[in-house]
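> how does the following fold in three dimensions:
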Amino acid sequence: IDRRDDVVDGEMHREMLDAMVTIGFDSQTISSILRLTTAILHCGNITFTPHHQSNEHGMSDVCSIDKTHSSVTAARLLGVTYDDFAYALTYRDIMAGDESI
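Below you'll find the model as predicted:
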């Protein structure tokens, strides 16, 4: 892919990796940073589907995460199951003292 600014992405990537090594990052840290960055980029492609759900207080709006390549890949890169990842993005728990609200 030609870029208008004539930057060669492969060269820039190599320079970034060399810089990480120069400042003392070990290979495991570099791998973790790249994995996290890739997971964040995949999160930008995640889509959600809204739903209506009844509960003890009436109807409420909820959503579910769509199981796509990006959502599955983000979960894998973060080292969690898809179900745990989807739960973390679609449910909230508020801790007040020792209680979950």
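> now the strands for this protein?
Counting by DSSP state E, the segments of the chain that form strands are 48-55, 58-65, 95-96, 99-100.
> turn those strands into a markdown table, columns for distance to residue 32, mean pLDDT and mean neighbour count.
Glycine gets a C-beta too; all of them are placed from N, C-alpha and C. Output for those, formatted as a markdown table (distance: least, CB to CB, whole Å; pLDDT from 0 to 100; neighbours: other CB atoms under 10 Å):
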| stretch | distance to residue 32 | mean pLDDT | mean neighbour count |
| --- | --- | --- | --- |
| strand 48-55 | 27 | 83 | 9 |
| strand 58-65 | 24 | 81 | 12 |
| strand 95-96 | 27 | 82 | 8 |
| strand 99-100 | 30 | 78 | 8 |
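> could I get the ones you listed as a markdown table with distance to residue 16?
As requested, the strands of the chain are exported to a markdown table (distance: least, CB to CB, whole Å):
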| stretch | distance to residue 16 |
| --- | --- |
| strand 48-55 | 32 |
| strand 58-65 | 31 |
| strand 95-96 | 38 |
| strand 99-100 | 41 |
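> span of stretch 94-101 from start to end?
Distances were taken as CA to CA, to the nearest Å; on that basis the terminal residues of stretch 94-101 are 5 Å apart.
> ditto for stretch 67-86
By CA to CA, the extent of stretch 67-86 from end to end equals 9 Å.
> buried stuff in that stretch?
Applying a neighbour-count criterion of 16 or more other CB atoms under 10 Å, one finds 70, 71, 73, 74, 75, 77, 78, 85, 86 buried in stretch 67-86.
> re earlier: the strands of the chain: which one's closest to residue 14?
Between residue 14 and the strands of the chain, the shortest separation by CB to CB is 34.9 Å, and it involves strand 58-65.
> what about this structure, any weak spots by pLDDT?
Using pLDDT under 70 as the threshold, the predicted model of the chain has low-confidence ranges 1, 57, 59.
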